[in-house]
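Chemist: what follows is a protein structure lacking sequence information:
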Ligand code: HEM
């Protein structure tokens, strides 16, 4: 892709103004860029014009990271026909996650993760710090909103059949994201360390302990021991601040990578339409050919190109008509029993003359 930033030569880079001085201090005309330099496009550095320093820095970073290319690949994707507002739910969830991260960092600047000081630090933040109550409110309501959005997004992907091949892995990553988001809710709830959060967390921990097989171990791990103590708060704090957000961030990266790689699923009412030329319903199911043909070109997002669908449909038709008996194709339908191959007959043995019959020679 062509970079939006103009290129500059190494000499111009040294001079900083597009021309290099010689040993006498005289400014020498910048040599014309070679064809190779012109073609290398975004790999070259941007020309420095006074007052365009910002552009220059952006060009410098872009030439080393291909940020423009990556950004374009992420944002300028082809989306299926019928894409609608329901497709924004994943991005909305991601936006709330980013908001939670930002407000959480601000809250952590005032919060003290100690059993004796946690409550006091939160009270101070709420009552005395400028916009403290607002930021805390954003974080608290954001947590609920994220849970609501994640469920709505999951429902969208479920009802649109986006969990099917080739996106199963993205569904599994999504399930882990859902669990981690709920763990964020659980671990964050204890942090104010007031009466409500204390007793609610004890109840949640007891419920966890009642789980089969791993339940008691998981509850012990969360409590940081057999009893609910000050260490429990430290453990919840570490999980809430570092471990779980880190995992969520990494998994969102993997989730988006797969979304970009595989593309998004078309709405079911768009996919259900029979592709042009496909005659038999068994040849094409939901836009993907089921006829097991090696020649089928399935694009990376799992959708068979229209031309291929037609080819597969025709191929399937031909294959089917070949297997059918020619008269059956014209006449009434042949049942399975009728069309089943007959048992091979034993070779005819010469009949032994009957004793009671006279033979004539
Ligand atoms: C932190 C939580 C999550 C974030 C930030 C997130 C983000 C996204 C984004 C931005 C997209 C692409 C646009 C869209 O279809 O909305 C997407 C697609 C997808 N997500 Fe999520 N997601 C999350 C959780 C989940 C969960 C819980 C599931 C299911 C269990 C899930 C399953 C999927 C699937 C299957 C796709 C592909 C959709 C398609 O092909 O049409 N995601 N996600």
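Modeler: Perfect, thanks for sending it. For clarity, every value in this text was computed on a predicted model and none was experimentally measured. Numbers count the residues shown, from 1 in each chain.

Chemist: and residue 56, how far is that from the ligand?
Modeler: Computed with CB to the nearest ligand atom, to the nearest Å, the distance linking residue 56 and the ligand is 33 Å. Where C-beta positions appear, they are placed from N, C-alpha and C, glycine not excepted.

Chemist: residue numbers of this protein in contact with the ligand?
Modeler: For the chain, the contact set with the ligand under CB under 6 Å from any ligand atom comprises 87, 89-91, 93-94, 97, 150, 153-154, 157, 160, 162-163, 167, 170-171, 174-175, 177-178, 181, 248, 252, 255, 259, 264-265.

Chemist: going by neighbour count, which of those are buried?
Modeler: If you count burial by 16 or more other CB atoms under 10 Å, the buried members of those come out as 87, 89-90, 93-94, 97, 150, 153-154, 157, 160, 162-163, 167, 170-171, 174, 177, 181, 248, 252, 255, 259, 264-265.

Chemist: need the strands for the protein, in chain order.
Modeler: 20-21, 27-28, 284-285, 288-289 (DSSP state E).

Chemist: tell me which of the residues of the chain next to the ligand fall in helices.
Modeler: 89-91, 93-94, 97, 150, 153-154, 157, 170-171, 174-175, 177-178, 181, 248, 252, 255, 259 (DSSP state H).

Chemist: report the helix or strand with the lowest average pLDDT across this protein.
Modeler: For the chain, the helix or strand with the lowest mean confidence is helix 336-339, at a mean of 38 (criterion: mean pLDDT, DSSP states H and E).

Chemist: residue contacts, residue 184?
Modeler: Counting by CB atoms under 8 Å, 6 or more residues apart in numbering, residue 184 touches 100, 143, 240, 244-245, 248.

Chemist: and the helices in the stretch 101-250 of the chain?
Modeler: Assigned by DSSP state H, counting those that start in this stretch, the helices in the stretch 101-250 of the chain fall at 118-127, 132-159, 168-190, 195-209, 215-223, 230-238, 244-262.

Chemist: of all these, which lies closest to residue 112?
Modeler: Taking CB to CB, helix 118-127 is the member of those nearest to residue 112, at 4.2 Å.

Chemist: could you give the angle of the closest one to helix 230-238?
Modeler: Helix 118-127 runs at 40 degrees relative to helix 230-238, counting by axes from the mean of the first three to the mean of the last three CA atoms, to 10 degrees.

Chemist: check which residues of helix 118-127 are buried.
Modeler: Across helix 118-127, burial judged by 16+ other CB under 10 Å covers 118-119, 121-122, 125-126.

Chemist: ok, which pair from those is furthest apart?
Modeler: Farthest pair in these, by CB to CB: 118 and 126, 12.8 Å.

Chemist: can you lay out the helices of the stretch 101-250 of the chain as a markdown table showing mean pLDDT?
Modeler: Formatted as a markdown table, the helices of the stretch 101-250 of the chain follow (pLDDT from 0 to 100):
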| stretch | mean pLDDT |
| --- | --- |
| helix 118-127 | 98 |
| helix 132-159 | 98 |
| helix 168-190 | 98 |
| helix 195-209 | 97 |
| helix 215-223 | 97 |
| helix 230-238 | 97 |
| helix 244-262 | 97 |
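
Chemist: just send the ones you listed back as TSV, with distance to residue 272 too.
Modeler: Formatted as TSV, these follow (distance: least, CB to CB, whole Å):
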stretch	distance to residue 272
helix 118-127	53
helix 132-159	13
helix 168-190	21
helix 195-209	42
helix 215-223	43
helix 230-238	47
helix 244-262	20
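
Chemist: burial count for residue 156?
Modeler: 19 (other CB atoms under 10 Å).

Chemist: if you could redo that for residue 155, that was the one I meant.
Modeler: 12.

Chemist: so that it lines up with my notes, have the first residue be 492 from now on.
Modeler: Sounds good: first residue 492 from here, last item residue 646.

Chemist: quick check: it vs residue 684, distance?
Modeler: As judged by CB to CB, to the nearest Å, residue 646 and residue 684 stand 35 Å apart.

Chemist: same thing with residue 621?
Modeler: 23 Å.

Chemist: for these two, indicate the residue with more neighbours.
Modeler: Higher neighbour count among residue 621 and residue 684: residue 684, with 23 against 7, using other CB under 10 Å.
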